[in-house]
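# The sequence and its predicted three-dimensional model are supplied below.
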Amino acid sequence: MRVLGVDPGLARTGFGIVESERNRLSAVHYGVISSKSSMDLADRLKLIHDGIRDLAEQYEPTDASVEQVFRGANARTSLLLGHARGAAIVALASAGLAVSEFSPLEVKQAVVGYGRASKEQVQEMVRVLLNLESVPKPEDAADALAVAICRIHSQPIESREVR
């Protein structure tokens, strides 16, 4: 099983591709798709869409997962985050991938075993689970890897093998 996880954001959309083979997890590729606030909204969304689509084409994941919108106090920020999520989800669906969505609480529970874990605890467990030398940077990429791990952990063990 190879999962493309996405931590959507308008300025930085984190992505992480995790593979599960013989009950072992490994990071295939991770990073961020960045856009500048000086860009038009449509151009920023297209950048996210095209970047996620290109990753899906290049790395051929079998599944995809996206973190759900965190309900913040600022309605405008939440709306813009929703636009970024939408661009990523459309790109994944266009690539023929089923898209799972997980709340931040579900991601923390799946990765750390505790839904109220700190960001640092999640990042350290991502490092441990993927056998990385250091915590993945930037944090948006680490969050996307955690979303991918959550998707893998939500599958029955027998269906986690690479197809």
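Noted; the coordinates are in hand.
# Where does pLDDT dip in this protein?
70-73, 156-163 (pLDDT under 70).
# Please repeat the previous calculation with a cut-off of 80.
69-73, 155-163 (pLDDT under 80).
# for it, what spans make up the helices?
Assigned by DSSP state H, the chain shows helices spanning 41-59, 75-94, 104-112, 119-129, 139-153.
# Tell me which of the ones you listed is the most buried.
Of all those, helix 139-153 carries the top mean neighbour count, a mean of 26, counting by mean count of other Cβ atoms under 10 Å. C-betas here are computed from N, CA, C, even on glycine.
# which residues sit in contact with residue 18?
2, 3, 5, 25, 26, 27, 28, 130, 145, 148, 149, 152 (Cβ atoms under 8 Å, 6 or more residues apart in numbering).
# Looking at the residues you listed, spot the one nearest residue 46.
residue 5 (21.2 Å; Cβ to Cβ).
# hey, what's the closest one bridged with?
According to DSSP bridges, the residues that bridge with residue 5 are residue 16, residue 65.
# in terms of contact, does residue 97 touch residue 60 like I think?
No. The pair formed by residue 97 and residue 60 falls short of the contact definition of Cβ atoms under 8 Å, at 9.8 Å.
# More neighbours: those two, which one.
More crowded of residue 97 and residue 60, by other Cβ atoms under 10 Å: residue 97, with 20 against 12.
# how close does the more buried one get to residue 137?
In this view, residue 97 and residue 137 are 26 Å apart by Cβ to Cβ, to the nearest Å.
# got it, and residue 110?
On the measure of Cβ to Cβ, residue 110 and residue 137 end up 21 Å apart.
# Also residue 5?
16 Å.
# neighbour count winner among the two?
residue 5 (30 against 12).
# quick one: the more buried one and residue 19 touch, right?
No. Applying Cβ under 8 Å as the test, residue 5 and residue 19 come out as separate, 11.7 Å apart.
# ok, now which ones touch residue 139?
So residue 139 contacts 14, 119, 123 (Cβ under 8 Å, 6+ apart).
# Next, format those as a markdown table and append distance to residue 38.
As requested, the contacts of residue 139 are exported to a markdown table (distance: Cβ to Cβ, whole Å):
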| residue | distance to residue 38 |
| --- | --- |
| 14 | 21 |
| 119 | 28 |
| 123 | 30 |
